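Participant: missing the sequence, but the structure's below:
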């Protein structure tokens, strides 16, 4: 039986107990087909991001990033779940940069790459496109704060504007999209 308590903050004792009561099935993961393996890695990443959100445990976000990277590596580029997997990876990388302060060029470039590829692979009529554009804009804005490169803020504004354009009037996300756009212009 695999003990998960090292990965999960003690705050989540009930969750830890539940996970530790299950037989260890992770040793079978490499033998699963790509989509099944990707889904398991994604679920693992989602669990760790939830733990991070509740506890602030930085090791959880680092492990979530790794799990999302493994999910992406488990799928072919043309798989219908790839945009979602890339979006999760980009968001985890972005949050890890924000919370750890590890704002290296390579970390930001990895986040932009994942977010951009998620946007590129998302169909134009997919309702998740506006959120993925907003995430992409936020990562570009972060890189602008780090480098001062005007091309980055231009990309942030472009992505945020597209997100606003895709958000219907009266939609619950419209104020946030407009706020992100305004912050990018202010920078």
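Facilitator: Perfect, I can see it now. Note that this is a predicted model, so its numbers are computed, not measured.

Participant: Which strand or helix spans residue 93?
Facilitator: Following DSSP states H and E, one finds residue 93 within helix 82-100.

Participant: Against which helices or strands is that helix packed?
Facilitator: helix 34-55, helix 58-73, helix 105-121, helix 129-147 (3 or more C-beta pairs under 8 Å, 6 or more residues apart in numbering; DSSP states H and E). Every C-beta, even on glycine, is put in place using the N, C-alpha and C of the backbone.

Participant: Might one say that residue 164 is in contact with residue 174?
Facilitator: Yes - using C-beta atoms under 8 Å, residue 164 makes contact with residue 174 at a distance of 7.4 Å.

Participant: Between those two, which has more neighbouring residues?
Facilitator: residue 164 (21 against 15; other C-beta atoms under 10 Å).

Participant: So for that one, what's the pLDDT?
Facilitator: On pLDDT, residue 164 comes in at 96.

Participant: mind checking which helix or strand the closest residue in space to it that isn't next to it in sequence is in?
Facilitator: Computed as C-beta to C-beta, 6 or more residues apart in numbering, the closest residue to residue 164 that is not its neighbour in sequence is residue 177, at 4.7 Å. For residue 177, the element it lies in under DSSP H and E is helix 174-186.

Participant: can you state the direction angle for that helix and helix 129-147?
Facilitator: Angle, helix 174-186 to helix 129-147, by axes from the mean of the first three to the mean of the last three C-alpha atoms, to 10 degrees: 30 degrees.

Participant: who's in contact with helix 174-186?
Facilitator: 130, 134, 137-138, 141, 153, 156-157, 160-161, 163-164, 167-168 (C-beta atoms under 8 Å, 6 or more residues apart in numbering).

Participant: got the buried residues for that helix?
Facilitator: Neighbour counts over helix 174-186 (16 or more other C-beta atoms under 10 Å) mark 177, 180, 181, 184 as buried.

Participant: Make JSON lines from those and add pLDDT and distance to residue 64 to it.
Facilitator: Listed next are these as JSON lines, based on pLDDT from 0 to 100; distance: C-beta to C-beta, whole Å:
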{"residue": "177", "pLDDT": "92", "distance to residue 64": "25"}
{"residue": "180", "pLDDT": "92", "distance to residue 64": "23"}
{"residue": "181", "pLDDT": "94", "distance to residue 64": "28"}
{"residue": "184", "pLDDT": "93", "distance to residue 64": "26"}
